[in-house]
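Participant: Got a predicted model here, sequence first, then my questions.
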Amino acid sequence: MEVSRRCRITGSLSVQRIRTAALLRAIALLAFYLDCFNKLLKKCLKISLMNSLNYQIFGSQDSQDVDVVFFIDKMPETIQEKLNLSKEYSAILQPEFSTKCINPNLAVLENGIVKYVYKGTVDELNNALYCTYGFYNQKFDNQIVKSLPRDIDLKFLRSSRMILSFLSKTKYRASIKYALRNNLHHKIQVLKEIDLVTLANFGNSQTEIAILKSIAFQIGQSMALHNGKECYTKSQIADCFPELRSYLAREINSDLITLQFWLNKYIEILEIRAKSMNRFEEYEYINSYAK
């Protein structure tokens, strides 16, 4: 009888083990199918988001990255929300540009004209999109129907801030930090103190040649606009100012004396323009043409 009882217990345990093993296999199989379903769902959502993106490429054809504006219905309120959204859209679109990183921007359109932007000014982004559309194979028709009159004073206000920002990790850090918190008059004074030739390093996460390229771009673009010419690519700026070409092309060991010369020229023009400016801090472009 004891042997029979033990056999029944052993048999019962064996059945339980079989059932447990079967249950575990079923759970594992269910987990596998759920994982496959989630991956498929994510892929479908990504494809759906990709198809819903409305964007346009612009700027220099020979850039190391690709400038993309994503058109949205409403601009997020905070800087962080704008940053998060631009990163999200960039991640979705990035597989389309395997060899270049996306430099994203956001814009809201009204009647085919830029009304709000995340980075830059309305008039500059609008015209850059309009004028450089044909430089790329675009997925969509040109979203911009016409160019806008440029606000040259606003361009100089912004470019002055940007040039100082590029140099904010150098030995001029304290002066630049103070100038960035104040109006154009303070920025001009600090710009006049800067001697690029004496800078041992730029202390920035960007490389020195990348910073020099950015400075040259802002100087050339602003001075060309002052002279009545709109430039939206590095080659266009280099055609206007050949001496800036080496910096725009990120050539190593470019002569900083030359860039300093053009920085001084920029400051001279800035001081002349400042005498007739009505505002000395950046402001929103008055877009009265989006009707």
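Facilitator: Nice, thanks for sending it over. Just so it is clear, the structure is predicted and the values come from calculations on it, not from any experiment. Residues are numbered from 1 along each chain as shown.
Participant: What segments of this structure are helices?
Facilitator: All helices of the chain, identified by DSSP state H, fall at 2-52, 79-93, 122-132, 152-166, 173-180, 184-193, 208-226, 234-240, 245-248, 256-274.
Participant: Adding mean pLDDT, mean neighbour count and distance to Gln143, write the ones you listed out as TSV.
Facilitator: C-betas here are computed from N, CA, C, even on glycine. Below are those laid out as TSV (pLDDT from 0 to 100; neighbours: other C-beta atoms under 10 Å; distance: least, C-beta to C-beta, whole Å):
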stretch	mean pLDDT	mean neighbour count	distance to Gln143
helix 2-52	67	10	15
helix 79-93	97	15	15
helix 122-132	98	23	7
helix 152-166	98	20	22
helix 173-180	98	16	33
helix 184-193	98	17	33
helix 208-226	97	21	22
helix 234-240	98	18	21
helix 245-248	96	22	27
helix 256-274	98	16	32
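Participant: can you put those in CSV and add distance to Gln61?
Facilitator: Output for those, formatted as CSV (distance: least, C-beta to C-beta, whole Å):
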stretch, distance to Gln61
helix 2-52, 24
helix 79-93, 18
helix 122-132, 8
helix 152-166, 22
helix 173-180, 32
helix 184-193, 31
helix 208-226, 15
helix 234-240, 8
helix 245-248, 13
helix 256-274, 23
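Participant: which one of the ones you listed lies closest to Ser63?
Facilitator: Each of the helices of the chain has some distance to Ser63 by C-beta to C-beta; the shortest is helix 234-240, at 7.6 Å.
Participant: As CSV, could you dump the C-alpha coordinates of the closest one?
Facilitator: Taking C-alpha atoms only, helix 234-240 is exported to CSV below (Å, rounded to 0.1, in the frame of the first residue of the first chain):
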residue,chain,number,x,y,z
LYS,A,234,28.7,78.9,-47.9
SER,A,235,29.5,79.1,-51.6
GLN,A,236,27.3,82.2,-52.1
ILE,A,237,29.1,83.9,-49.2
ALA,A,238,32.5,82.8,-50.5
ASP,A,239,31.7,84.3,-53.9
CYS,A,240,31.0,87.6,-52.2
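Participant: tell me what it is packed against?
Facilitator: Other helices and strands packing on helix 234-240, by 3 or more C-beta pairs under 8 Å, 6 or more residues apart in numbering; DSSP states H and E, are helix 208-226, helix 245-248.
Participant: and these as a markdown table, adding distance to Val190?
Facilitator: Shown next, in a markdown table, are these (distance: least, C-beta to C-beta, whole Å):
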| stretch | distance to Val190 |
| --- | --- |
| helix 208-226 | 14 |
| helix 245-248 | 21 |
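Participant: Any idea which of these gets closest to Arg279?
Facilitator: Among the helices and strands packed on helix 234-240, helix 208-226 sits nearest to Arg279 (C-beta to C-beta), with 16.4 Å.
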